[in-house]
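Peer 1: Fold the following for me, if possible:
(one chain, ligands or ions: 2)
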Amino acid sequence: MRCVMFGGYTAQKHDRLVTTRNAFRPAPARGERLNAMPEADRDAARRAEIVRLAGALNERLIAIRRDIHAHPEIGNHEHRTTALIVDHLERSGLVAKVLPIGTGAYCDVLPGGFEDSTGLVGLRADIDALTIPDGKAVDYASKNPGVCHACGHDVHTAILLGVGIVLSRLRDLDLLPRGVRLIFQPAEETSPGGALDAIDGGVLHDLTEIYALHCDPRTDVGQIALKVGPITSAVDQVNISLSGTGGHTSRPQLTQDIIGALGALATMTQLLLSRRIDPRSGVSLMWGSMHSGSVANAIPRTGEIVGTLRALDAAGWQLAKQLIPELAAEIVRPFGVEVDVAVTEGVPPAVNHARGVRRLTRAAEEMLGPDSVTATEQSLGGEDFSWMLQKVPGALGRLGVRTPGEICPDIHQPNFVVDERCIPVGVKVLAGVATTFERPAI
Ligand SMILES: [Zn+2]
Ligand SMILES: [Zn+2]
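Peer 2: Ligands and ions are numbered 1, 2, ... in the order given. This next block holds a predicted model:
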């Protein structure tokens, strides 16, 4: 065993489960035999190999996931994570390209005789962590204070690495029927999201379809939850800043009550929105932060309230953006304060294509069994994979991470945990959807 240091990441080179770059070679004899098989037998051989490898890789992928979990990095700073991704892909004889922005990477796995005109299927994982402390007492807890993989992107990354290893093996066995691009996308938790930088970096070129999975604490491990149409929601950030002349709290008549105005904004804005927009639009404005003042006897000169605007449908989303500045100005008018409203566009809803959901459903049922797919609802959460689905058809699926019978803490919480049996499940489903051909509609 030897160790290699790069990007702050120590790569341990040990016996490899599958082929290496040096061993990159023409299809082995077994592949030649498989090549002569009827298509149905090749399908069965492919599925059996995916299942076998997902099991054989389990310990290695859990170790990778825990390594990433122990070393979380926030959006656009995922340097160690990117080095780890590149290293593990190289161990399987794959060549990864780091994105032009410096973090994140993509990697094409191509069968012999691949022609560009065939197009590629894309599989995407997000790789960034959150500025949330890790509240778990485990030996792989975050070593980066105040930063944690509380959204499961460590799991997504480990799964997609596992898929890369599986696909490289299928390629060597001449069982890879099509070209696949693995996309390790940075900065999903930022707004409007690292997906836009990844798209600018060319990750969608030549793709004909694209898929992703996201950890879901409300679905049992072993299941995939799917929905045709919008599965996540539009999310914008709202910042309202107030200013006045400030003064002594003994003479409020001579100045403007900034904190009183903030209180009115906090309670009235959502109420008034709900009276001006069709409730079926599912518009939600929730405040996450409010700041003003520093001492008991001074009226502050400035204050700010910050929150998120979410909407299930595009019409309600557009109307809310238009109304919030008007309503905020009306709400604070009696206080005589100056008001400045900024609504910063975040992400649109992620809209699943019907064909993409059919293909994910088929892959899950073939790889996991007939009862492995469950229905889900559109959430008010945002997801920047939506930008990719606007350009390439496909689907986002929810990956069950809850241990059956137990309560799983929500994502974005310090105590969020996953049942790691979700890792081979994700490997099988994504490797399955990347390697099965379209059949008549279900
Ligand atoms: Zn998240
Ligand atoms: Zn996430």
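Peer 1: which secondary structure elements does the lengthiest strand in the chain contact?
Peer 2: Of all segments of type strand in the chain, defined using DSSP state E, the longest is strand 207-220. With contacts taken as 3 or more CB pairs under 8 Å, 6 or more residues apart in numbering; DSSP states H and E, strand 207-220 sits against strand 120-126, helix 153-172, strand 224-226, helix 354-368, helix 385-391, strand 394-402, helix 422-435. The C-beta positions use only the backbone N, C-alpha and C, and glycine is treated the same way.
Peer 1: what's next to the shortest one, contact-wise?
Peer 2: Put plainly, it is strand 224-226. Residues from elsewhere that reach strand 224-226 (CB atoms under 8 Å, 6 or more residues apart in numbering): 213, 216, 219, 352, 357, 360-361, 364, 368, 372-376, 395, 397-400, 425, 429.
Peer 1: Next, the contact list for residue 123, please.
Peer 2: Contacts of residue 123 (CB under 8 Å, 6+ apart): 160, 163, 180, 181, 182, 183, 210, 211, 212, 430, 433, 434.
Peer 1: which of these count as buried?
Peer 2: The neighbour-count test (16 or more other CB atoms under 10 Å) marks 160, 163, 180, 181, 182, 183, 210, 211, 212, 430, 433, 434 as buried among the contacts of residue 123.
Peer 1: pretty sure the last one contacts residue 180?
Peer 2: Right, residue 434. Yes. Between residue 434 and residue 180 there is a contact at 4.6 Å, judged by CB atoms under 8 Å.
Peer 1: Quick check: neighbours shared by those two?
Peer 2: 121, 123, 167.
Peer 1: isn't the first one right up against residue 433?
Peer 2: Yes. Taking CB under 8 Å as the contact criterion, residue 121 and residue 433 are neighbours in contact, 7.5 Å apart.
Peer 1: Give the residues shared as contacts by those two.
Peer 2: residue 211.
Peer 1: can you list the domains in the chain?
Peer 2: When the chain is parsed with automatic domain parsing, its domains come out as 2-232+349-435, 234-346.
Peer 1: so how far is residue 264 from residue 68?
Peer 2: Between residue 68 and residue 264 the computed distance is 45 Å (CB to CB, to the nearest Å).
Peer 1: Likewise for residue 332?
Peer 2: Residue 332 is 7 Å from residue 264, by CB to CB.
Peer 1: Give me the three-state assignment for the closest residue to residue 82 other than its chain neighbours.
Peer 2: Of all residues not flanking residue 82 in the chain, residue 103 sits nearest, at 4.9 Å (CB to CB, 6 or more residues apart in numbering). Here residue 103 is coil, with the state taken from DSSP: H, G, I helix; E, B strand; the rest coil.
Peer 1: and residue 103, what does it touch?
Peer 2: Taking CB under 8 Å, 6+ apart as the test, what residue 103 contacts is 76, 77, 78, 79, 81, 82, 127, 186, 187.
Peer 1: same thing with residue 344?
Peer 2: With CB under 8 Å, 6+ apart, residue 344 has these contacts: 191, 236, 237, 238, 239.
Peer 1: what does residue 157 give?
Peer 2: 64, 65, 68, 81, 85, 125, 126, 127, 184.
Peer 1: Reformat these into CSV and put distance to residue 136, pLDDT and neighbour count next to each item.
Peer 2: Below are the contacts of residue 157 laid out as CSV (distance: CB to CB, whole Å; pLDDT from 0 to 100; neighbours: other CB atoms under 10 Å):
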residue, distance to residue 136, pLDDT, neighbour count
64, 18, 98, 21
65, 13, 98, 25
68, 14, 98, 26
81, 19, 98, 28
85, 23, 98, 30
125, 21, 98, 26
126, 20, 98, 29
127, 20, 98, 29
184, 24, 98, 32
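Peer 1: and which of the residues you listed is nearest to residue 287?
Peer 2: residue 126 (26.1 Å; CB to CB).
Peer 1: Touching, the closest one and residue 188? I think so.
Peer 2: Yes. Residue 126 is within contact range of residue 188, at 3.6 Å (criterion: CB under 8 Å).
Peer 1: Find residues that contact each of those two.
Peer 2: 153, 194, 384, 385.
Peer 1: What ranges in the chain fall below the confidence cut-off?
Peer 2: 1-8, 10-36, 117, 437-442 (pLDDT under 70).
Peer 1: Going by residue numbers, what spans are helices in it?
Peer 2: Secondary structure of the chain (DSSP state H): helices located at 29-35, 39-56, 58-70, 79-91, 153-172, 195-200, 258-276, 314-332, 354-368, 385-391, 422-435.
Peer 1: which stretch among these comes nearest residue 292?
Peer 2: Closest to residue 292 of the helices of the chain is helix 258-276 (CB to CB; 5.3 Å).
Peer 1: still on that earlier bit, from the contacts of strand 224-226, keep the buried residues only.
Peer 2: Going by neighbour count (16+ other CB under 10 Å), the contacts of strand 224-226 have 213, 216, 219, 352, 357, 360-361, 364, 368, 372-373, 376, 395, 397-400, 425, 429 buried.
Peer 1: Report the central residue of the protein.
Peer 2: Residue closest to the average C-alpha location in the chain (CA atoms, centre = their mean): residue 126, at 4.6 Å.
Peer 1: Can you name the residues that contact that one?
Peer 2: 153, 156, 157, 185, 186, 188, 189, 194, 212, 384, 385.
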